[in-house]
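> got a structure for you, letters missing:
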């Protein structure tokens, strides 16, 4: 059984089939997938998540992902895609939902938290207004979608608090990350960061790695590839994007892009749905 409906601001889909494989692809939209029945793997940017009943996954524009279910198992899921413009003009602060994060991380909201926040209830209500095209269908569907996004935002807010408590993210590292994001197209060096924040290279490298799990160089490349994907979604050419996001050599850009996303820049362009 399948249900699918596309609106200017959103796309809703429901499917109940046998185990499937969804090949690597990406979107220009935020996507929320709620799995009622599923067993397998959900892969985002080379990061592999276990997929099971009740899990919810969120991908943002440009995050490369695929689904690999155990053969002959039941696959029942809802998904909603919403445009960036719709979120922007919804009038709701969804900072945690749409915030910049490392691609491929924190895509999964576990079933326990999903159940606690009653996120599944919104997917129970949506199909009625999708299938029955009533005069109030569009406004009711949009209302439920916004409520869904608010609850997912609350889930991310809770996850962020837990991560902050566990990882001890300090203000210095937060300021450094903000500096990197603000100057990412430029050729950022360790010397630039040390001079800006009056710290030694040893202290910078040790503190940053301990707090984020990445070296400074790795993190800069992650941010550059995030920017590259955004530019590619706007139909820019890979070679132009290479220089616009801070790489000085296309071969280095190509290797870094493929290492992080699992696909080449041209394959990424071809995978946009």
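Yep, that arrived. Keep in mind that this is a model prediction, so the values were computed, not measured.

> contacting residues for residue 218?
Contact analysis of residue 218 by C-beta atoms under 8 Å, 6 or more residues apart in numbering lists nothing. Just so you know, the C-beta spots here come from the backbone N, C-alpha and C atoms, and that holds for glycine as well.

> Report the next helix or strand after whichever strand or helix holds it in sequence order.
Here residue 218 sits within helix 216-233, counting by DSSP states H and E. Per DSSP H and E, helix 216-233 leads on to helix 238-244 as the next helix or strand towards the C-terminus.

> which residues touch that following helix?
185, 227-228, 231-232, 236, 249-250, 253-254, 265-266, 269.

> before we move on, what about stretch 190-198?
172, 175-176, 179-180, 183, 199-201, 204-205, 216.

> how about a cut-off of 6 Å?
201, 204 (C-beta atoms under 6 Å, 6 or more residues apart in numbering).

> Go through that stretch and flag the buried ones.
By neighbour count on 16 or more other C-beta atoms under 10 Å, the buried set for stretch 190-198 is 190, 193-194.

> Please report how far residue 211 lies from residue 105.
As judged by C-beta to C-beta, to the nearest Å, residue 211 and residue 105 stand 14 Å apart.

> let me redo that: residue 34
20 Å.

> Ramachandran angles for residue 269?
phi -60, psi -40 (degrees, to the nearest 10).

> So what sits opposite the nearest residue to residue 10 once chain neighbours are set aside in the bridge?
Distance criterion C-beta to C-beta, 6 or more residues apart in numbering; nearest residue to residue 10, sequence neighbours excluded, is residue 82 at 4.9 Å. For residue 82, the beta-bridge partners under DSSP bridges are residue 10, residue 30.

> how much space between residue 82 and residue 149?
For residue 82, the distance to residue 149 - C-beta to C-beta - is 7 Å.

> Residue 232 too?
On the measure of C-beta to C-beta, residue 232 and residue 149 end up 25 Å apart.

> what does residue 255 give?
Residue 255 is 36 Å from residue 149, by C-beta to C-beta.

> And for stretch 59-73, what's in contact with it?
With contacts defined as C-beta under 6 Å, 6+ apart, stretch 59-73 is touched by 19-24, 26, 28, 30-31, 39-45, 75, 103, 229-230, 233, 261, 263.
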